[in-house]
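Engineer: following is a predicted model, sequence given first.
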Amino acid sequence: MRYVMLIYGNESAWANLTPEQIEEEMKGHGAFYTEASARGMAQGGEELQPSSVATCLRVRNGHMLKTDGPFIETKEQLGGFYILDCKDLDEALEMAAKIPTAKQGVIEIRPVVERGG
């Protein structure tokens, strides 16, 4: 089963990291993805630009309503994601615990809907 690992962290805290701390965090993500790839789980993943450059769209009564930035006030913002093919939720949890951001942020694990056809 495929799972999306949604990576939430505090963008303000990230902005205050030193270049060395950022490099260390990115090395951790690289090691995570290398392991996921070696185990045949890696399906993709990307780091996202800050929520300040996000655009939200809603369609109400046939009209498009566009707003800039995140649509809710939160302490943690979506910063990236991985897609892994895991045998079950236990294996997905095991892998999510290895994502470096789990130490200070939140990893949301969500199964992908698999539709036949």
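Structural biologist: Structure received.
Engineer: which positions within stretch 16-31 qualify as buried?
Structural biologist: Neighbour-count burial for stretch 16-31, counted by 16 or more other Cβ atoms under 10 Å, picks out E25, H29. C-beta coordinates here come from the backbone N, C-alpha and C atoms, glycine included.
Engineer: next one: stretch 28-46
Structural biologist: Neighbour-count burial for stretch 28-46 flags H29, F32, Y33, A36, M41, A42, Q43, G45 (criterion: 16+ other Cβ under 10 Å).
Engineer: and if you look at stretch 3-19?
Structural biologist: Buried-residue list, stretch 3-19, by 16+ other Cβ under 10 Å: Y3, V4, M5, L6, I7, Y8, G9, N10, E11, W14.
Engineer: contacting residues for the residue nearest to the fourth one when sequence neighbours are not counted?
Structural biologist: Ranked by Cβ to Cβ, 6 or more residues apart in numbering and with sequence neighbours excluded, the top spatial neighbour of L6 is E108, at 4.1 Å. Residues counted as contacts of E108 (Cβ atoms under 8 Å, 6 or more residues apart in numbering) are M5, L6, Y8.
Engineer: quick one: the strands in this protein?
Structural biologist: For the chain, the strands defined by DSSP state E cover 2-9, 42-47, 55-60, 63-68, 77-85, 106-111.
Engineer: for the first one, packing partners?
Structural biologist: When you say that, I think you mean strand 2-9. Under the contact definition 3 or more Cβ pairs under 8 Å, 6 or more residues apart in numbering; DSSP states H and E, strand 2-9 sits against strand 77-85, helix 89-96, strand 106-111.
Engineer: before we move on, the earlier item: mind putting the buried residues of stretch 3-19 into a markdown table with pLDDT?
Structural biologist: Formatted as a markdown table, these follow (pLDDT from 0 to 100):
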| residue | pLDDT |
| --- | --- |
| Y3 | 97 |
| V4 | 97 |
| M5 | 97 |
| L6 | 96 |
| I7 | 96 |
| Y8 | 93 |
| G9 | 92 |
| N10 | 90 |
| E11 | 88 |
| W14 | 88 |
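Engineer: noted, bye for now.
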